[in-house]
Structure formats: structure tokens, C-alpha cells
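Chemist: here is the input, now give the coordinates:
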Amino acid sequence: MSITSFSFLCFFAAVLFVYYIIPKKAQWGYLLAVSFVYFMSFAEVADGGWYVVFYPMAAVFVVYLAARLMDRTKEQKKRKSALICAVVFCVGLLCTLKFFRLPLLAPLGISFYTLTLLGYLFDVYYEIGSVQRNYGKLLLFTCYFPTMVSGPVVKYQEMEGQLFAGHKLDYRRVTFGMQRMVWGFFKKLVISERMAVIANEIFDHYGNYEGFAIWVGAFAFTFQLYTDFAGCMDIVLGISECFGIVLPENFNAPFLAANISEYWRRWHMTLGVWLREYLFYPLLRTKFFMQLPKKLRDKVGKKRAKQLTTFLAMFVLWFTIGYWHGGSWNFIIGSGLLHWAYIVFGELAEPLFAKMRFFFRVRTDSRGFLWLQRIRTFVLVMFGLVFFRNASVMDAVRMFGRGFSTFNPQIFVDGTLFSFGLDWVECTVLLVSLLLFEWVTIQQQKGWLRERLEKKPLIVRWIVLYALLFYVILLGQYGPGYSASEFIYQNFKV
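Modeler: The predicted structure follows:
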């Protein structure tokens with residue numbers, strides 16, 4: 001049951017109605033039951049069978065026992081043993097079902113609920129988070145249905161006070177939630193689905209194209225992925241807001257980033273926070289990484305030794321990010337090691353870049369320079385996504401070769417653009433939608449538009465909201481017998 005399908009909207013409406021008429025103390029249990037109904041709906045569609053429900057239940061049960069044991073004892077050896085056993089079980093289950101390709105169905109959202117559970121477990125171990133003594137509540141925290149498709153990755157401390165507390169109907173919050181859902185549908189159905197037509201045509205038949213046509217496909221996939229994933233997050237956060245539960249933001253206009261490091265602080269933000277707190281920083285605190293600068297100091301100097309140690313830890317981090325996205329080298333390079341190389345090269349070459357900026361008297365505080373940085377960052381991200389989208393590294397290399405094989409800017413004026421699957425009407429709708437999307441994105445940097453819209457007269461608010469709603473209804477990509485396609489990012493992080 002895709003969250004863009006009509007059946008899901010009916011499901012959500014019924015769930016929301018019942019949620020606010022039952023006693024507040026029963027709401028968390030109701031959400032748990034609803035989450036498993038939603039979970040099972042995906043199992044049926046995938047022909048996985050009802051038994052997949054036992055995977056998350058087993059993982060949560062093991063973590064529940066380990067956390068209770070760590071809470072009851074101060075003996076470090078026992079605490080560490082409990083932590084290791086639970087981590088091995090959860091990671092082993094994830095790898096078995098997702099990466100080793102055994103004939104078992106990887107349950108919905110296994111990557112996300114595994115990270116959520118491990119974060120909770122580490123917080124308990126380091127005594128920076130409370131212990132949940134109710135197995136059902138821990139199960140709800142792990143399997144809360146809006147977050148099961150593509151996250152965000154949540155922390156127990158952020159959710160404890162919201163998930164298990166009763167919520168009364170708040171008209172403003174429900175309205176805001178539904179507004180955000182409509183904006184998510186706009187990104188997914190109007191922009192992403194159209195970009196998918198162009199991206200699929202060029203990536204699936206790249207041997208038929210060359211020069212700028214290749215980069216049109218890369219551009220289309222970059223925006224397809226972003227509007228798909230960000231649209232999913234808007235819908236998810238909007239659904240949760242209707243229940244009175246605020247989830248953490250996962251995107252903050254990543255294509256306005258001036259460099260790759262900033263891009264990753266804006267893209268999939270909750271995953272980045274998780275990896276920094278539970279992988280990168282603990283890695284730097286290990287004995288090996290603490291001693292490495294001392295071993296390198298005599299050979300390369302104190303400053304460089306510290307820098308090389310950080311780069312090595314970053315290598316582990318970015319390899320993990322790439323592997324988590326799919327486990328094959330196109331993902332490891334496209335969303336991992338290539339970005340590591342960008343950051344390392346940027347830091348090493350910064351003294352040279354600074355001299356060049358001084359020599360050419362570049363005004364680094366100018367708007368033009370900022371936009372040049374943003375365009376450069378977007379192009380570097382797009383290059384990585386060429387690896388990410390292709391079936392193999394060699395396919396990506398061949399596609400790059402065709403992209404640089406000829407100079408043919410005439411395709412932008414001779415009608416070639418209309419041969420990629422969208423006619424001139426569809427291309428016009430896409431262009432107008434992209435301009436609207438970019439305008440809203442830039443305006444959002446000044447504060448949430450819905451708060452600003454709330455201050456406008458009632459007639460203005462209704463005109464804007466109904467205009468967007470009917471824009472999505474009339475111009476969304478549906479097709480014959482349409483059932484909204486699954487969000488593409490979910491396929492990389494089941």
C-alpha cells in the first residue's frame with residue numbers, strides 16, 4: 001500500500017478519525033496495531049507472507065532484553081556482552097535479509113528500524129538515554145508506520161514524550177500536516193514522475209545518446225531522486241504531524257549547498273547525524289585511531305598526521321554509507337567513496353584555491369560566487385548519481401565516456417528534448433513546476449511558508465491551497481490503472 005495510493009489515503013483518513021475519538025491513553029496502542037496492519041499490507045503485496053512480522057518483533061525483543069540487562073547491572077563486562085550480542089543479532093539479520101540475497105523477504109524498512117534500534121541501544125549503553133520497560137512501546141518506537149517507508153531515522157529521546165502521550169485534536173496542527181502532505185504529493189507526482197520518464201529513457205538506453213543528452217538524463221535523475229525522497233519525507237512528516245507527533249527534518253534544500261560537506265549536512269540529515277554520533281566519533285575514539293597520529297607524526301608532521309587520521313576514519317564512514325545504500329560497487333562509489341574523495345581533495349587543495357581566489361581578486365562574499373559554488377556542488381553530486389543509477393560501475397564509466405564524446409548544445413533548441421519521452425506540453429508543465437519548486441525552496445530559507453501563509457486573509461489561504469491541490473490532481477502523473485509507484489529511495493534502503 002504505497003503512501004501515494006488512493007487506498008492509503010482512505011486508510012489514513014480512517015485511522016486519523018478513530019485516533020481522535022478513542023481515549024488518549026489508548027492512542028499509542030492503537031498506533032502500534034495500525035503500524036502492523038500497514039506492515040502486513042506490504043508483506044501481502046510482496047508475496048512475502050505474514051511471517052515477516054516476526055523479523056522486527058524479534059529484533060526489538062533482543063534489544064529490549066539487552067537494554068533491560070544493561071540497565072540492571074553496573075558490571076561493565078556484562079553490559080558490553082549484552083550490547084555486542086544485540087548488535088550482532090540486529091546487524092546479522094539485516095545483512096542476511098538485505099545484502100546476502102538469501103531467499104527470504106527483507107521486511108519493510110529493515111535498514112531504518114535497524115538503525116533506530118541500534119541508536120537506542122547505544123544510548124542506553126552510554127547512559128545518555130532512558131530505558132523503555134514496556135516491550136510494546138519499544139515496538140511502536142521502532143515500527144511507527146509513517147517512518148517505515150524511508151525514515152527519518154529517529155532517536156528515542158526525541159520520540160518518547162510524543163509517541164506515548166495522549167493527543168487532543170489540534171485543528172492548526174492537522175491543517176499544517178495536510179498542507180505538507182499536499183506539497184509532498186506535488187514533488188512526487190508532478191515533478192519526480194515526469195523526471196523519471198526522461199531519466200529512465202536515457203539511462204536505460206544510454207548507448208543511443210551522447211554529449212549533452214547524457215547530462216540531461218543525469219540532471220533528470222538527480223531531481224527525480226531528490227523530489228521523490230524529499231516528497232516522501234514531506235508526506236511522512238505531514239502524516240505524523242496530523243497525529244500530533246513531530247518527526248525530525250530530513251532535508252534542508254541540499255541543492256543550495258556551496259560544497260559537498262554542506263550538501264550532506266542538508267541531505268538525509270537524520271542518517272548523517274546517526275552515522276556521525278554512532279560510527280564516526282566512536283571510531284576516532286578507538287585505540288587504533290587514538291594512537292595513529294603519534295605513529296605518523298615523525299613522518300608527516302603533527303598537523304598532517306591528525307588530518308590523515310581523520311581522512312582514514314572518513315573513508316570508513318563513506319564506505320559504510322555507500323554499502324548501506326545497496327552493497328554493490330556502484331552504490332559504494334556513487335554515494336560513498338566519490339564523495340569522500342571530493343571532501344579530501346577539497347581540504348588538501350584549499351590553500352591553492354585560496355591563492356587563486358586572491359590572485360584573480362574573487363569576491364567570495366558575492367552572490368555570483370555563491371551560485372557558482374552551488375552549481376559546482378550540484379554537478380559533483382550529479383556525477384556521483386550516474387554511478388548510483390547505473391547497474392554497474394562499467395556502465396557508469398561508459399555513460400561518462402558518451403557524455404564527453406561530443407559537443408552538441410543544439411539539442412536544447414532543435415526539438416531533441418521532446419524525444420526523451422515527454423512532449424512539449426509535458427515539458428512545459430515540468431519546467432513551470434520546477435520554477436515553482438525552486439521559488440518555494442528559496443523562500444523556505446526565510447522561514448516556513450505555511451506560517452507566513454497563515455497570516456494572510458482566509459480567502460488568500462484557500463485560493464493558494466486549493467490551487468496547489470488541484471494542480472497536483474490535474475497534473476500529477478498517474479497513467480492507466482495507476483497505483484503510485486513506490487518511492488525509489490525505498491528500493492535502496494528496504
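Chemist: nearest residue to residue 356 in space, please, no chain neighbours.
Modeler: residue 362 (7.8 Å; Cβ to Cβ, 6 or more residues apart in numbering). Yep, even glycine has a C-beta here, placed from its N, CA and C like the rest.
Chemist: is the one you found in a helix, a strand, or coil?
Modeler: coil (DSSP: H, G, I helix; E, B strand; the rest coil).
Chemist: just the pLDDT at the residue nearest the centre of the chain, thanks.
Modeler: By Cα atoms, centre = their mean, the mean C-alpha position of the chain lies nearest to residue 268, the distance being 4.1 Å. Here, the pLDDT recorded for residue 268 equals 92.
Chemist: poorly predicted segments of the protein, please.
Modeler: 1, 42-51, 99-108, 478-494 (pLDDT under 70).
Chemist: host element of the residue of it most remote from its centre?
Modeler: Distance from the C-alpha centroid of the chain peaks at residue 298, with 42.0 Å (Cα atoms, centre = their mean). Using DSSP states H and E, residue 298 sits in helix 287-300.
Chemist: so which elements touch that helix?
Modeler: helix 302-325 (3 or more Cβ pairs under 8 Å, 6 or more residues apart in numbering; DSSP states H and E).
Chemist: check which residues of the helix it packs on are buried.
Modeler: The neighbour-count criterion (16 or more other Cβ atoms under 10 Å) identifies 305, 307-310, 312-314, 317-318, 320-325 as the buried residues of helix 302-325.
Chemist: which SSE is immediately downstream of that helix?
Modeler: Helix 302-325 is succeeded, C-terminally, by helix 329-332 (DSSP H and E).
Chemist: helices or strands next to that following helix in the packing?
Modeler: Applying 3+ Cβ pairs under 8 Å, 6+ apart, we find helix 329-332 packed against helix 302-325, helix 367-389, helix 393-403.
Chemist: and it, how far out from the chain's middle?
Modeler: 17 Å (Cα atoms, centre = their mean, to the nearest Å).
Chemist: try stretch 299-308
Modeler: Worked out by Cα atoms, centre = their mean, stretch 299-308 lies 34 Å from the chain centre.
Chemist: dump the C-alpha coordinates for it into PDB.
Modeler: Provided in PDB are the C-alpha atoms of stretch 299-308 (Å, rounded to 0.1, in the frame of the first residue of the first chain):
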ATOM      1  CA  LYS A 299      56.900  11.000   9.100                       C
ATOM      2  CA  VAL A 300      54.500  13.700   8.100                       C
ATOM      3  CA  GLY A 301      54.300  16.200  10.900                       C
ATOM      4  CA  LYS A 302      51.700  16.800  13.700                       C
ATOM      5  CA  LYS A 303      49.100  18.600  11.600                       C
ATOM      6  CA  ARG A 304      49.200  16.300   8.700                       C
ATOM      7  CA  ALA A 305      49.200  13.200  10.900                       C
ATOM      8  CA  LYS A 306      46.000  14.400  12.500                       C
ATOM      9  CA  GLN A 307      44.500  15.200   9.100                       C
ATOM     10  CA  LEU A 308      45.400  11.800   7.600                       C
END
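Chemist: please give the element, helix or strand, for residue 74.
Modeler: Here residue 74 is assigned to no helix or strand, by DSSP H and E.
Chemist: how many other residues sit next to it?
Modeler: Applying other Cβ atoms under 10 Å, we find 8 residues neighbouring residue 74.
Chemist: then residue 62?
Modeler: Other residues close to residue 62 by other Cβ under 10 Å number 20.
Chemist: what strand or helix carries it?
Modeler: Residue 62 is part of helix 54-72, with elements assigned from DSSP H and E.
Chemist: and that helix, how far from the chain's centre?
Modeler: 26 Å.
Chemist: can you list the neighbours in contact with it?
Modeler: The contact list for helix 54-72 (Cβ atoms under 8 Å, 6 or more residues apart in numbering) reads 39, 78-79, 82-83, 85-86, 89-90, 93, 97, 107, 110, 113-114, 117, 120-121, 124-125, 131-133, 135, 138-139, 142-143.
Chemist: pull out the buried positions in it.
Modeler: Applying 16+ other Cβ under 10 Å to helix 54-72 flags 55-57, 59-60, 62-64, 66-71 as buried.
Chemist: could you break the protein into its assigned domains?
Modeler: 21-166, 172-247+404-492, 255-389 (automatic domain parsing).
Chemist: the nearest residue to residue 195 once chain neighbours are set aside: which element?
Modeler: Nearest residue to residue 195 in three dimensions, chain neighbours excluded: residue 224, at 3.7 Å (Cβ to Cβ, 6+ apart). For residue 224, the element it lies in under DSSP H and E is helix 212-242.
Chemist: report all helices and strands that that helix contacts.
Modeler: Counting by 3+ Cβ pairs under 8 Å, 6+ apart, helix 212-242 packs on helix 171-185, helix 193-204, helix 367-389, helix 393-403, helix 488-492.
Chemist: what's the next helix or strand after that helix packed up against?
Modeler: Sequence-wise, the next helix or strand downstream of helix 212-242 (DSSP H and E) is helix 260-266. Counting contacts by 3+ Cβ pairs under 8 Å, 6+ apart, helix 260-266 is packed against helix 338-359, helix 367-389.
Chemist: can you list those helices in CSV and add distance to residue 207 and mean neighbour count?
Modeler: Listed next are these as CSV, based on distance: least, Cβ to Cβ, whole Å; neighbours: other Cβ atoms under 10 Å:
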stretch, distance to residue 207, mean neighbour count
helix 338-359, 23, 14
helix 367-389, 15, 17
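Chemist: now those helices in CSV, with distance to residue 413?
Modeler: Below are these laid out as CSV (distance: least, Cβ to Cβ, whole Å):
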stretch, distance to residue 413
helix 338-359, 32
helix 367-389, 21
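Chemist: residue 399: which of these is closest?
Modeler: helix 367-389 (5.9 Å; Cβ to Cβ).
Chemist: remind me what that closest one packs against, helices and strands.
Modeler: helix 212-242, helix 260-266, helix 329-332, helix 338-359, helix 393-403.
Chemist: please list the outside residues in contact with the second one.
Modeler: Where contact means Cβ under 8 Å, 6+ apart, the residues beyond helix 260-266 that reach it are 251-254, 256-257, 272, 339, 342-343, 346, 377, 380-381.
Chemist: from those, which single one is nearest residue 291?
Modeler: For the contacts of helix 260-266, the nearest to residue 291 is residue 343 (24.0 Å; Cβ to Cβ).
Chemist: tell me the contacts of the closest one?
Modeler: 260, 261, 314.
Chemist: nearest to residue 158, out of those: which one, please.
Modeler: Distances from residue 158 to these, taken by Cβ to Cβ, are shortest for residue 261, at 24.2 Å.
Chemist: go ahead and confirm residue 184 touches residue 229.
Modeler: No. Using Cβ atoms under 8 Å, residue 184 is not in contact with residue 229, being 10.4 Å away.
Chemist: so who does the residue lying closest to residue 242 once chain neighbours are set aside touch?
Modeler: Distances taken as Cβ to Cβ, 6+ apart put residue 177 closest to residue 242, at 3.8 Å, once the chain neighbours are dropped. Contact partners of residue 177, counting by Cβ under 8 Å, 6+ apart, are 237, 238, 239, 240, 241, 242.
Chemist: distance of the residue nearest to residue 219 when sequence neighbours are not counted from residue 305?
Modeler: Distances taken as Cβ to Cβ, 6+ apart place residue 382 nearest to residue 219, at 6.4 Å, with adjacent residues excluded. According to Cβ to Cβ, to the nearest Å, residue 382 stands 35 Å off from residue 305.
Chemist: phi and psi next, for residue 129.
Modeler: phi -140, psi 150 (degrees, to the nearest 10).
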